[in-house]
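Asks: next input, structure requested:
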Amino acid sequence: MFVLLLLVLAFLVIVGGAVAVGAVALAHQRRRIAAENQVVPGTATRAPSAWARSHDPEARLHRRLRDAMTALRAVTAYDTAATVTLRADLEQSALALDDHLVAISMLHPDARTAQRAQAERAVAAVEAGVADYATAATRPDLGALEADLAEVRARLRTADDLRRGIGS
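Replies: Numbering: from 1, shown residues only. So this is what the prediction gives:
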């Protein structure tokens, strides 16, 4: 009887341990997917976690924004007040555009087409702004830096104008 009780207890400990390990692994995977889905690291996104792997147009645009912000973070820039401010503006524009993508995904399919096309142009403008920023912010020549940063600001204004036009 005592041996049977020990066997049952050992079985319960093993099963409980397996369940605990599974729960920890699942929680870790969910946190990792949520972190990978963020457009700006450390800033929560309203995008569904399914967008991390989805082939829906809005999900692809979301991932393009995420990848653009990853590229923005990878730039080893000459930090000046202008470059830091511009980087923050690009991030804020991407976050606002990502919120619009979530809203577009909730529209009736017939109403999405025009909104999606405008969102795609806005995402392309943000991507171009990041590319221009990477070129401008890595130049040691401050005169050229200011001229190139003006181009990034123009791209950012274009993206913001397109984003504001979504839904109007």
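Asks: all contacts plus neighbour counts: C-alpha atoms, from now on.
Replies: OK.
Asks: please identify which helix or strand holds V84.
Replies: helix 81-105 (DSSP states H and E).
Asks: can you tell me what sits against that helix?
Replies: For helix 81-105, contacts defined as CA atoms under 8 Å, 6 or more residues apart in numbering pick out 39-40, 45-47, 58, 61-62, 65, 69, 72, 77, 112, 115-116, 119, 122-123, 126, 129-130, 133, 137, 149, 152-153, 156, 159-160, 163, 166.
Asks: please point out which parts of it sit buried.
Replies: Across helix 81-105, burial judged by 16 or more other CA atoms under 10 Å covers 83, 86-87, 90-91, 93-95, 97-98, 100-105.
Asks: list the buried ones in the helix or strand of the chain with the lowest mean pLDDT?
Replies: When the helices and strands of the chain are scored by mean pLDDT, DSSP states H and E, helix 142-165 comes last with a mean of 78. For helix 142-165, burial by neighbour count (16+ other CA under 10 Å) applies to 145, 148-153, 155-160, 162-164.
Asks: so where's the protein uncertain?
Replies: Low-confidence segments of the chain (pLDDT under 70): 35, 140-143, 167-168.
Asks: ok, the residue positioned nearest the centre of it to H100 distance?
Replies: Geometric centre of the chain, nearest residue: V39, 1.5 Å, by CA atoms, centre = their mean. From V39 across to H100, the span is 13 Å (CA to CA, to the nearest Å).
Asks: same check on S49?
Replies: 16 Å.
Asks: one more: S93?
Replies: 11 Å.
Asks: next: R116.
Replies: 10 Å.
Asks: before we move on, back to that, check which helix or strand covers the residue nearest to the centre of the chain.
Replies: Here V39 is assigned to no helix or strand, by DSSP H and E.
Asks: need the contact list for it.
Replies: Here V39 is in contact with 45, 62-63, 65-67, 69, 94-95, 98 (CA under 8 Å, 6+ apart).
Asks: picking that back up, closest to V3 out of the buried residues of helix 142-165?
Replies: The shortest gap between V3 and any of the buried residues of helix 142-165 belongs to R163, at 70.4 Å (CA to CA).
Asks: surely the closest one meets A119?
Replies: Yes - assessed by CA atoms under 8 Å, R163 is found in contact with A119 at 6.6 Å.
Asks: and the longest helix for this structure?
Replies: helix 2-37 (DSSP state H).
Asks: buried residues, stretch 36-48. List them.
Replies: Here stretch 36-48 shows 37-40, 45-47 as buried, counting by 16+ other CA under 10 Å.
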